[in-house]
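Colleague: For reference, the sequence and a predicted model appear below.
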Amino acid sequence: MLEVLELRKRYGEKEALRGVSLTVRPGEIFGFVGANGAGKTTTMRILMGVLRADSGELRWNGRPLSFEDRRKFGYMPEERGLYQKMKVAEQIEYFGRLHGMSKSAAASATAELMERLGLTERRNDAVEALSLGNQQRVQLAVALVHEPSVLILDEPFSGLDPLAVDALADALIERCRAGVPVIFSSHQLDLVERLCDSVGIISAGRMVASGPVDEVRVKEGGRRLKVVVRDAVPGWADGLPGELTVTDDGRQVLVTEQGDPQAILSSAVRAGTVEHFGWEQPSLTEIFREAVA
């Protein structure tokens, strides 16, 4: 289990981290979300030992995180750390050897990863000749080649097409199922909602919401009643609680957290054709907007 406890980091007058805490358990994917400059990358760099926190604690399996622990981590920075002139297969093998793998083990792991990530046909291409998506796949292979005990990925899905997103997502899920804690940052909240077990929302250096995705949606957003009525008579929702909007095709949508559901349904039935009536939770995107406002 990876634990971050009360991290603080200041750059001159700017307090980049203000008591950030999070926990990633074995076999769990943790989504780390926040606006640019919120503190995501700073937290990840401290986890990897690239930066030093002013205060706070990092723990791995209940003890202080050490240099040897970090050597077993897999890290994918937002800025690609690849050698542009090296061939794809040589590059992945090289990073495997840096992590202490034998030549044969690194070659075997490289071949397996290239096949899994759709890179086999590009094995002899220089990195600089690859598309953005394929460079991201190589960067992920570099993070995975040594069978890491933890995966820490900074914006791994940035700029990728849907096929590349699926390939990377499948690789992360596979490692997660093997018991590896995975933490990744992303601005693509639909992906976070789809892939992650837990989420942390950071704003201006503070964690403003965190926990299992479903619990965060309930705790931060509650639940609300949504009613969609087609061909509704004007003024049917007058006096009802909530917010009424009209879609481009003329459907009227009432969203409310209050009122008698049966009374609202009766009004909607009298007003027109009810196409949707039910309770729902706000999306992670809506919660994020509210949390960082």
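Modeller: Received the coordinates, thanks.

Colleague: Contact partners for the residue nearest to D125 when sequence neighbours are not counted?
Modeller: Closest residue to D125 apart from its sequence neighbours, by C-beta to C-beta, 6 or more residues apart in numbering: V88 at 5.7 Å. Every C-beta, even on glycine, is put in place using the N, C-alpha and C of the backbone. Each residue near V88 by C-beta atoms under 8 Å, 6 or more residues apart in numbering is listed here: 114, 119, 122-127, 130, 138.

Colleague: now the residues you listed: which count as buried?
Modeller: Applying 16 or more other C-beta atoms under 10 Å to the contacts of V88, the neighbour count classes 114, 119, 122, 127, 130, 138 as buried.

Colleague: how much space is there between the fifth one and K87?
Modeller: By that I understand L130. From L130 across to K87, the span is 11 Å (C-beta to C-beta, to the nearest Å).

Colleague: same thing with the fourth one?
Modeller: Counting by C-beta to C-beta, the separation of V127 from K87 is 8 Å.

Colleague: can you check the second one too?
Modeller: According to C-beta to C-beta, L119 and K87 sit 11 Å apart.

Colleague: so the spatially closest residue to G56 that is not a sequence neighbour, which of the three states?
Modeller: Nearest non-adjacent residue to G56, counting by C-beta to C-beta, 6+ apart: L7, 3.7 Å away. Following DSSP: H, G, I helix; E, B strand; the rest coil, L7 is assigned to strand.

Colleague: Pull the number of nearby residues for L7.
Modeller: Neighbours of L7 under the rule other C-beta atoms under 10 Å: 25.

Colleague: coming back round to it: need phi/psi at the residue nearest to D125.
Modeller: phi -60, psi -50 (degrees, to the nearest 10).

Colleague: May I ask you to confirm that Q136 belongs to a helix?
Modeller: Yes. Per three-state DSSP, Q136 lies within a helix segment.

Colleague: Can you give the distance of stretch 69-82 from its chain's centre?
Modeller: Distance of stretch 69-82 from the chain centroid (C-alpha atoms, centre = their mean, to the nearest Å) equals 16 Å.

Colleague: meant to ask about stretch 198-206
Modeller: Distance, stretch centre to chain centre, for stretch 198-206: 11 Å (C-alpha atoms, centre = their mean).

Colleague: Please enumerate the helices of this protein.
Modeller: 40-47, 67-71, 88-98, 103-116, 132-144, 162-177, 189-195, 213-221, 261-271, 284-292 (DSSP state H).

Colleague: Mind putting those helices into JSON lines with distance to L254 and mean pLDDT?
Modeller: Output for those, formatted as JSON lines (distance: least, C-beta to C-beta, whole Å; pLDDT from 0 to 100):
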{"stretch": "helix 40-47", "distance to L254": "37", "mean pLDDT": "95"}
{"stretch": "helix 67-71", "distance to L254": "52", "mean pLDDT": "92"}
{"stretch": "helix 88-98", "distance to L254": "54", "mean pLDDT": "95"}
{"stretch": "helix 103-116", "distance to L254": "47", "mean pLDDT": "94"}
{"stretch": "helix 132-144", "distance to L254": "42", "mean pLDDT": "89"}
{"stretch": "helix 162-177", "distance to L254": "34", "mean pLDDT": "88"}
{"stretch": "helix 189-195", "distance to L254": "24", "mean pLDDT": "89"}
{"stretch": "helix 213-221", "distance to L254": "17", "mean pLDDT": "79"}
{"stretch": "helix 261-271", "distance to L254": "7", "mean pLDDT": "94"}
{"stretch": "helix 284-292", "distance to L254": "17", "mean pLDDT": "81"}
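
Colleague: In TSV, list these along with distance to R80.
Modeller: Listed next are these as TSV, based on distance: least, C-beta to C-beta, whole Å:
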stretch	distance to R80
helix 40-47	14
helix 67-71	20
helix 88-98	11
helix 103-116	17
helix 132-144	5
helix 162-177	14
helix 189-195	19
helix 213-221	29
helix 261-271	52
helix 284-292	26
